[in-house]
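Novice: After the sequence you'll find the predicted model.
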Amino acid sequence: MLAMSQFGNSQIINQKHPSTNTMETQSIQVVHDFLTAVQQGNQAKLAAIIHPNIQWNQPGNNRFSGTKKSSGEVFQMVGGMFQSSDNSLALTEIKTLTANGNQVACLVHWKAVQPSGGILDVDNIDVYTVENGKIVQATVYSADIAQEDNFWLK
């Protein structure tokens, strides 16, 4: 298993086994590039990394919850999140990336503020499945689903 943590601008890769697993290394790189593109708002890079038929599982019981079955649905969800948060939604920290085969689990932190004063300040664990250099599946787990449901509403 490989793990990659980002502290500020430096990156540390922790190798648990002496031999590098190419699939894990490549999967971590794809997800790292994806998360960096999210932080930078690089729509072209995001579109290039997300498979057109991605399955995206968003947790909770709010207007953005549920399974998205295409990159178009994912971009529509994210666009709604930005609109709802007055464009304040930000991936503020990528704490850990760790791989098992072609799946990468990430501990990330999100922040947002709504015009009405609502605040989102939450850790998520995202699990991405990578095939042929593209993210084909994503499952998001929230450390505080009640906070997310209250922020995003129904």
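Specialist: In hand now; what should we look at?

Novice: measure stretch 112-121 end to end?
Specialist: Terminal residues of stretch 112-121 are spaced 7 Å apart (CA to CA, to the nearest Å).

Novice: And it, what's buried?
Specialist: Buried positions in stretch 112-121, judged by neighbour count with 16 or more other CB atoms under 10 Å: 112-114, 120. The C-beta positions use only the backbone N, C-alpha and C, and glycine is treated the same way.

Novice: Also stretch 101-110?
Specialist: 102-108, 110.

Novice: chain center to the longest helix belonging to the chain, what's the gap?
Specialist: The helix that spans the most residues within the chain, counting by DSSP state H, is helix 22-40. Relative to its parent chain, helix 22-40 has a centroid offset of 10 Å by CA atoms, centre = their mean, to the nearest Å.

Novice: List the buried residues in it.
Specialist: Neighbour-count burial for helix 22-40 flags 24, 27-35, 37-38 (criterion: 16+ other CB under 10 Å).

Novice: quick one on the thing from earlier: a markdown table please, covering the buried residues of stretch 112-121 and showing pLDDT.
Specialist: A markdown table is the format used below for the buried residues of stretch 112-121 (pLDDT from 0 to 100):
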| residue | pLDDT |
| --- | --- |
| Ala112 | 97 |
| Val113 | 96 |
| Gln114 | 93 |
| Leu120 | 97 |
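
Novice: any idea which of the residues you listed is closest to Leu153?
Specialist: Nearest to Leu153 among these: Gln114, at 9.5 Å, using CB to CB.

Novice: Name the nearest residue to the closest one, ignoring sequence neighbours.
Specialist: Closest residue to Gln114 apart from its sequence neighbours, by CB to CB, 6 or more residues apart in numbering: Ser85 at 5.7 Å.

Novice: Per-residue pLDDT of that neighbour, please?
Specialist: Ser85 carries a pLDDT value of 96.

Novice: gap between it and Asp126?
Specialist: 18 Å (CB to CB, to the nearest Å).

Novice: now do Thr36
Specialist: 14 Å.

Novice: swap in Thr92?
Specialist: 14 Å.

Novice: Between these two, which is the more surrounded one?
Specialist: Asp126 (21 against 12; other CB atoms under 10 Å).

Novice: Can you give me every residue that contacts the more buried one?
Specialist: Residues in contact with Asp126 (CB atoms under 8 Å, 6 or more residues apart in numbering) are 105-106, 108, 138-141.
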